[in-house]
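Novice: below are the sequence and a predicted model; questions follow.
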Amino acid sequence: MHLSWPGGPLRGTAQLPASKSEANRALILQALAGGGTLDNLSDAHDTQLMRRLLAAAPGTNVLDAEDAGTVMRFLTAYLSVTNWQGRLTGTARMQERPIAVLVDALRQAGARINYLNNEGFPPLELQGFAASARDAAQPTELAVRGDISSQYISALLMVGPRLPGGLRLRLTGHVGSRPYINMTVALMQLFGAHYTTDGDTLLVSPGEYQPTNYTVESDWSAASYWYSLVALAPAGSEITLPGLRQQSLQGDQAIVGMMKPFGIETTFLPDGIHLKQLPITASPEVLALDFTDCPDLAQTVAVVAAARGIPVDMTGLESLRIKETDRIAALQIELAKFGGSLREVTDGRFRAESSGFAVDNQSVATYHDHRMAMAFAPLALLGQLNIEAPTVVKKSYPQFWKELAKSGFVIEEAG
Ligand SMILES: O=C(O)C1=C[C@@H](OP(=O)(O)O)[C@@H](O)[C@H](O)C1
Ligand SMILES: C=C(OP(=O)(O)O)C(=O)O
């Protein structure tokens, strides 16, 4: 797909998808509650897939979570406690994304799960749930490391009320993506769960979820691409993004602060936000940003840093290697095409920077990763650009290209 910008400031209103993270939790909680209504469910493929698989589960013994991490992890827990028996699989890439931490914990809780291919990875064979003969008045006690994926923890927490005696979950190690755990707990409470903490131990009381009505917020991760568009567009650019809330459950709202040094001012409106590009005032020689809590923002920021020539030292990128692709390797290869780089300067600290950054008809490979496509697309503001396999955006933001076209980009399909 060929992308170009006719010139002049970027202006107008862009529609965002609803958060797939909120939606996929709400769908699991709704299924466990046995009712309630969800408004503003995303048309994102991950959300529609979750909905379809939850509906299909009672009548089939093969489910395919494709490339959706939340679907694979949340369903493994949900299908276990609901005693579903069958095979849960995913794409070739999903079969490389680890799941042992979750499977070990569920086995301890009483789930019977086998690996069908490689130990520790999907596909899985679920053989039902046999709660141990332990005193049911005692909570199921589990210890889970938090440094690989928070999705294991969210998955366990959501089924916690269904475990005999509830769940006492101790988090160990350096916990990443913590705002996603907080989002899980907030939605569980909204659906009637009882939850407390004792340091890094999370306690979920046994009980039933209540049918609940919830309106999903727009997606802050998707909003991040509009931040980079405004940051790279000509002076005077501004954009309105409806549907975002100041009180958000999404940790990716951190983009508000991260984009300030790039000159982006955020104003909260009664329904949404307004972004405005301001002249960049004095900034440190090298910015330091930690992505431990918001890994999905890393690609957005790395590309803007290189394109604007504002070096950023990025930490907290560990989980990027096991997402839709190895995002660190993908960024390194693609940034290099433009004169940018992402170099490991010390253990775990990566500097995004550039020398002679130029956009001149390069072709960006997207590695089956929606965020590679959307993080690099804003570079079309600086010159002619090609994006390979552009339909990859459907995972979280199917309308992305349509919204770019509406805002003035010229888009030509390849071939
Ligand atoms: O729980 C969630 O909705 C998510 C958690 C994060 O994953 P990790 O916990 O694996 O970092 C994030 O990257 C992913 O896009 C969505
Ligand atoms: C990592 C992501 O998704 P998931 O882990 O749910 O596949 C993402 O959307 O960036």
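Specialist: All right, it came through fine. Numbering: from 1, shown residues only. Ligands and ions are numbered 1, 2, ... in the order given.
Novice: now look at stretch 398-405 and say if it contacts ligand 2.
Specialist: No. Residues of stretch 398-405 contacting ligand 2 under CB under 6 Å from any ligand atom: none, with a closest distance of 13.1 Å. Every residue, glycine included, has its C-beta placed from N, CA and C.
Novice: how about the nearest residue to residue 1, chain neighbours excluded?
Specialist: residue 390 (4.2 Å; CB to CB, 6 or more residues apart in numbering).
Novice: how many residues are close by that neighbour?
Specialist: Residues contacting residue 390 under the criterion other CB atoms under 10 Å number 22.
Novice: quick one: pLDDT of it?
Specialist: Note on residue 390: pLDDT of 98.
Novice: just residue 154 next, same as before
Specialist: You'll see residue 154 listed with a pLDDT of 98.
Novice: show the contacting residues for it.
Specialist: Residues in contact with residue 154 (CB atoms under 8 Å, 6 or more residues apart in numbering) are 25, 70, 73-74, 180-181, 183-184.
Novice: which members of those are classed as buried?
Specialist: 25, 70, 73-74, 180-181, 183-184 (16 or more other CB atoms under 10 Å).
Novice: now the helices for the stretch 51-200 of the chain?
Specialist: Secondary structure of the stretch 51-200 of the chain (DSSP state H, counting those that start in this stretch): helices at 69-81, 100-109, 150-159, 178-190.
Novice: mind giving me the packing neighbours of the first one?
Specialist: Counting contacts by 3 or more CB pairs under 8 Å, 6 or more residues apart in numbering; DSSP states H and E, helix 69-81 is packed against helix 20-33, helix 45-56, strand 85-89, helix 100-109, strand 111-115, strand 124-129, helix 150-159.
Novice: now do the residue nearest to residue 1 against residue 226, distance only.
Specialist: For residue 390, the distance to residue 226 equals 17 Å [CB to CB, to the nearest Å].
Novice: can you list the domains in this structure?
Specialist: 2-17+218-412, 20-215 (automatic domain parsing).
Novice: quick one, grab the pLDDT at the closest residue in space to residue 312 that isn't next to it in sequence.
Specialist: Spatially, and ignoring its direct neighbours in sequence, residue 312 is nearest to residue 305 (4.1 Å; CB to CB, 6+ apart). The model reports residue 305 with a pLDDT of 98.
Novice: pretty sure residue 305 contacts residue 288?
Specialist: No. The criterion here is CB atoms under 8 Å, and residue 305 misses it with residue 288 at 11.4 Å.
Novice: joint contacts of those two?
Specialist: residue 312.
Novice: for burial, what's the neighbour tally of residue 27?
Specialist: Residue 27 has 23 nearby residues by other CB under 10 Å.
Novice: show me what contacts it?
Specialist: Contacts here follow CB under 8 Å, 6+ apart; on that basis residue 27 touches 38, 41, 47, 50-51, 54.
Novice: looking at residue 305 and residue 288, which one has more neighbours?
Specialist: Ranked by neighbour count (other CB under 10 Å), residue 305 and residue 288 place residue 305 first, with 28 against 12.
Novice: hmm, whatever helix or strand the more buried one lives in touching ligand 2?
Specialist: Using DSSP states H and E, residue 305 maps to helix 298-308. No. In terms of CB under 6 Å from any ligand atom, no part of helix 298-308 sits within range of ligand 2; the closest distance is 8.6 Å.
Novice: report how many residues lie close to residue 43.
Specialist: There are 12 residues near residue 43, going by other CB under 10 Å.
Novice: check residue 284 too.
Specialist: Neighbourhood size, residue 284 [other CB under 10 Å]: 9.
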